[in-house]
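*Asks:* Please find the sequence and the predicted model below.
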Amino acid sequence: METTSRGMRATGWAANYIDERTAISGLVRELGRKIFPDHWSFMLGEVALYSFVVILLSGTFLTFFFDPSMTEVEYEGAYVPLKGLEMSAAMASTLDISFEIRGGLLMRQIHHWAALLFIASIGLHMLRVYFTGAFRKPRELNWVVGFVLFILAMAEGFTGYSLPDDLLSGNGLRIIDGMIKGLPIVGTWTSYLFFGDEFPGTDIIPRLYVLHILLLPAILVAALGVHMVLLVINKHTQFAGPGRTEQNVVGVPIMPVFAAKAGGFFFIVFGVIVLISSFFTINPIWNYGPYDPSPVSAGTQPDWYIGFADGILRLIPPGWEVVLFGYTFSFNILVPMGVLGLFIVLVMIYPFIEAWITGDQREHHMADRPRNAPMRTAIGAAGVTFYAVLWAAASSDLMATHFRLAVEDVTHALQTALILGPILAFIVTKRICLNLQKRDREIALHGYESGRIVRLPGGEYIEVHEPLDDYERWRLVSYDDYKPLMLRPNSRGRISLSDRGRAYVTKWFFEDRIAPVTRTEVERSHSSHGGGHH
Ligand code: HEM
Ligand code: HEM
């Protein structure tokens, strides 16, 4: 008893001491009262955040023992099959981390698995934000900041993967070298600048190391700070539900409820990563050996998130080159780079494209149900399919060997899927959304089908419908109803080209639409069948 109160007094004194010098209590009070709404999908951003912390901790451990040098050494470590082999000091030190440093292999695996989880959770988080329309005003900027985070995370993953200087690292870098050299006119120069010599040179690992442990993490942490500050300023979106409006946020306060839940969740994420890392090998570089261009075999693959870039290179028809003014233009490299660049830019600016099309200047704090924005959802599904086909293409050789097919046939099938897949996904998704909306409309007006059939005294059979409560109906009917733009001439009696363009696009966007149920419709349906019957 005595010790507890002494402990509390000491904590109180320390809190006071800090507050008198920083006035931090105001900030804590202000932030602690912030409300965080509850929905399972809001957890994805948190998983990204917590796995990043695990990456920082394990990465710091690795820096104590990793030697970022390409000096050739003879391996004399504990792993017998590689003894006496020439390799870079980077590779040798990674082997030492794996076999001689206590806990080293576990730390390497934790770092690598955390990186994979980090990027997977960012991807899912981004899809959550997209499909619920959480990128709309005022959160467009945070979408862009988030997108920068995504690119940085991939760059971190790629540079990290290259550090051990094993066979796979070297192959990944060789592809990058090929892409750089494919740039017309400046390619060869840029490659020399990047590698410091003819590929691979002896500078690239130390350079990537600086990027990996200093520059990129610094920018990432700064951007993450901005992401979180904007999250606090904009507040979090919430799904429609009892008492929730565009003007409020319903949820739990950060202090103490959310903080306690988040703290616990951090340890769960940490625990799961350690568990996976203890049981499943990742990147066993001792099986691959040091980098050497000759032994590359089928099944050589990058980490999953770089797969789409590898895939598109495999799907482009080979030998597509022209020589102009003495320079070679390799379209089989330029076209994939251009297509991927365009795809990435479109994703980044999508919030602005949608805002232009809807012409909606209002703030949106309610998350959309994906079905209530059929076009957005359908475009998203098309984008995901495009990405998925490219991703699958990175394993085209594995598909061919596993299913005993010719690799050319697999490539042709994937090329077809790359063009037709997104179109099909778009059409099917849009139809599903519209039909779900139609069903919601029915339910909002007439209640749920109960499956109970009743025979009336007159002999007529009816199905009894369970009535909805007002809260449930609110969830079904509260969404935006955009219509195609009506073209009107301006003051000079003309219709501008941009208005014409917008009218065309809005027609395409909103021609097929299911209008939300109006109050009059609900009242009319109540009076026509007096409650739940139909
Ligand atoms: C390092 C990567 C990232 C981390 C650690 C991160 C973290 C978070 C967290 C913890 C939240 C609040 C909880 C949630 O909604 O899940 C959030 C919200 C948000 N994030 Fe991220 N994020 C990252 C990347 C991204 C990316 C790639 C995008 C989009 C391109 C993005 C866009 C947003 C937006 C728009 C919100 C506000 C959502 C709302 O209010 O509903 N973030 N982020
Ligand atoms: C988003 C951030 C990061 C990602 C996605 C990432 C990813 C990776 C990956 C995939 C590897 C290869 C691991 C392997 O050998 O199997 C690696 C290696 C490495 N990372 Fe990171 N990393 C990140 C941040 C950091 C940070 C902040 C540090 C330092 C504080 C760090 C230090 C290292 C070191 C020293 C290695 C080489 C040792 C080795 O390969 O085992 N990393 N990283």
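*Replies:* Structure's in. What do you need? Numbers count the residues shown, from 1 in each chain. Ligands and ions are numbered 1, 2, ... in the order given.

*Asks:* tell me which parts of this structure are close to ligand 1?
*Replies:* Applying C-beta under 6 Å from any ligand atom, we find that the chain lies next to ligand 1 at 42, 44-46, 48-49, 52, 122, 125-126, 129, 134-135, 139, 142-143, 146-147, 149-150, 153, 224, 227, 231, 236-237. C-beta here means a position set from N, CA and C on the backbone, and glycine is covered the same way.

*Asks:* Could you turn the buried ones of those into a PyMOL selection?
*Replies:* With 16 or more other C-beta atoms under 10 Å as the criterion, this PyMOL line picks the buried residues out of the residues of the chain next to ligand 1:
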select buried, resi 42+44+45+46+48+49+52+122+125+126+129+134+135+139+142+143+146+147+149+150+153+224+227+231+236+237
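
*Asks:* which ones among the residues of the chain next to ligand 1 are found in strands?
*Replies:* Judged by DSSP state E, strands contain none of the residues of the chain next to ligand 1.

*Asks:* Please list the members of the residues of the chain next to ligand 1 that lie in helices.
*Replies:* If you go by DSSP state H, the residues of the chain next to ligand 1 have 44-46, 48-49, 52, 122, 125-126, 129, 142-143, 146-147, 149-150, 153, 224, 227, 231 in helices.

*Asks:* Excluding chain neighbours, give the residue nearest to the residue of the stretch 51-200 of the chain found nearest ligand 1 in space.
*Replies:* Per C-beta to the nearest ligand atom, residue 146 is where the stretch 51-200 of the chain lies closest to ligand 1, at 2.2 Å. Residue nearest to residue 146 in three dimensions, not counting chain neighbours: residue 227, with 6.0 Å by C-beta to C-beta, 6 or more residues apart in numbering.

*Asks:* Can you verify my assumption that that neighbour contacts residue 142?
*Replies:* Yes. Assessed by C-beta atoms under 8 Å, residue 227 is found in contact with residue 142 at 6.2 Å.

*Asks:* how far does stretch 176-195 sit from the chain's center?
*Replies:* Computed by C-alpha atoms, centre = their mean, to the nearest Å, the chain-centroid distance of stretch 176-195 equals 29 Å.

*Asks:* Correction: the previous question concerned stretch 169-179.
*Replies:* 24 Å.

*Asks:* Strands of the stretch 401-534 of the chain, residue ranges please.
*Replies:* Under the criterion DSSP state E, counting those that start in this stretch, the stretch 401-534 of the chain contains strands at 448-455, 461-466.

*Asks:* hmm, I was thinking of the stretch 201-350 of the chain
*Replies:* For the stretch 201-350 of the chain, applying DSSP E, counting those that start in this stretch gives strands covering 238-239, 252-253, 321-324, 327-330.

*Asks:* right, so those: which one is the most enclosed?
*Replies:* Most buried of those by mean neighbour count (mean count of other C-beta atoms under 10 Å) is strand 238-239; its value is a mean of 20.

*Asks:* So what touches that strand?
*Replies:* Strand 238-239 is contacted by residues 37, 39, 132, 244, 249, 250, 251, 365, 366, 367, 369, 475 when judged by C-beta atoms under 8 Å, 6 or more residues apart in numbering.

*Asks:* change it to 10 Å
*Replies:* 35-39, 41-42, 132, 134, 244-246, 248-251, 365-369, 475, 478 (C-beta atoms under 10 Å, 6 or more residues apart in numbering).

*Asks:* of those, buried ones?
*Replies:* Those of the contacts of strand 238-239 that meet the buried threshold are 35-37, 41-42, 132, 134, 244, 251, 365-369, 475, 478, by 16+ other C-beta under 10 Å.

*Asks:* any idea of the angle the longest helix along the chain forms with strand 448-455?
*Replies:* Secondary structure of the chain per DSSP H: the longest helix is helix 407-446. Helix 407-446 runs at 60 degrees relative to strand 448-455, counting by axes from the mean of the first three to the mean of the last three C-alpha atoms, to 10 degrees.

*Asks:* Just put the strands of the stretch 401-534 of the chain in CSV and tack on mean pLDDT.
*Replies:* Output for these, formatted as CSV (pLDDT from 0 to 100):
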stretch, mean pLDDT
strand 448-455, 87
strand 461-466, 86
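
*Asks:* And those: which comes nearest ligand 2?
*Replies:* Nearest of the strands of the stretch 401-534 of the chain (C-beta to the nearest ligand atom): strand 448-455, 46.8 Å.

*Asks:* Tell me the strands beside the closest one, with direction?
*Replies:* Counting by DSSP bridges, the strands paired with strand 448-455 are strand 461-466 (antiparallel).

*Asks:* Show me what counts as buried in the strand it pairs with.
*Replies:* Residues 464, 465 are the ones in strand 461-466 that count as buried (16+ other C-beta under 10 Å).

*Asks:* Can you give the distance of it from its chain's centre?
*Replies:* In terms of C-alpha atoms, centre = their mean, the centre of strand 461-466 is found 45 Å from the chain centre.

*Asks:* Please shift the residue numbers so they start at 46 in all later answers.
*Replies:* That works, and once the first residue is 46, the last one we named lands at strand 506-511.

*Asks:* mind saving the C-alpha coords of that strand as PDB?
*Replies:* Extracted in PDB, the C-alpha atoms of strand 506-511 (Å, rounded to 0.1, in the frame of the first residue of the first chain):
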ATOM      1  CA  TYR A 506     -51.100 -16.300 -49.600                       C
ATOM      2  CA  ILE A 507     -48.700 -13.600 -48.500                       C
ATOM      3  CA  GLU A 508     -45.200 -13.600 -47.200                       C
ATOM      4  CA  VAL A 509     -44.800 -11.700 -43.900                       C
ATOM      5  CA  HIS A 510     -42.100  -9.100 -44.100                       C
ATOM      6  CA  GLU A 511     -40.100  -8.200 -40.900                       C
END
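
*Asks:* What is the burial count for the closest residue to ligand 2 within the stretch 396-545 of the chain?
*Replies:* Using C-beta to the nearest ligand atom, the single residue of the stretch 396-545 of the chain nearest to ligand 2 is residue 439, 16.5 Å away. By other C-beta atoms under 10 Å, 21 other residues sit near residue 439.

*Asks:* how far away is it from residue 145?
*Replies:* Per C-beta to C-beta, to the nearest Å, residue 439 is found 34 Å from residue 145.

*Asks:* now residue 389
*Replies:* For residue 389, the distance to residue 145 - C-beta to C-beta - is 41 Å.

*Asks:* show me the contacts for the nearest residue to residue 557 once chain neighbours are set aside.
*Replies:* Distance criterion C-beta to C-beta, 6+ apart; nearest residue to residue 557, sequence neighbours excluded, is residue 479 at 6.0 Å. By C-beta under 10 Å, 6+ apart, residue 479 lies in contact with 416, 419, 423, 557, 558, 559.
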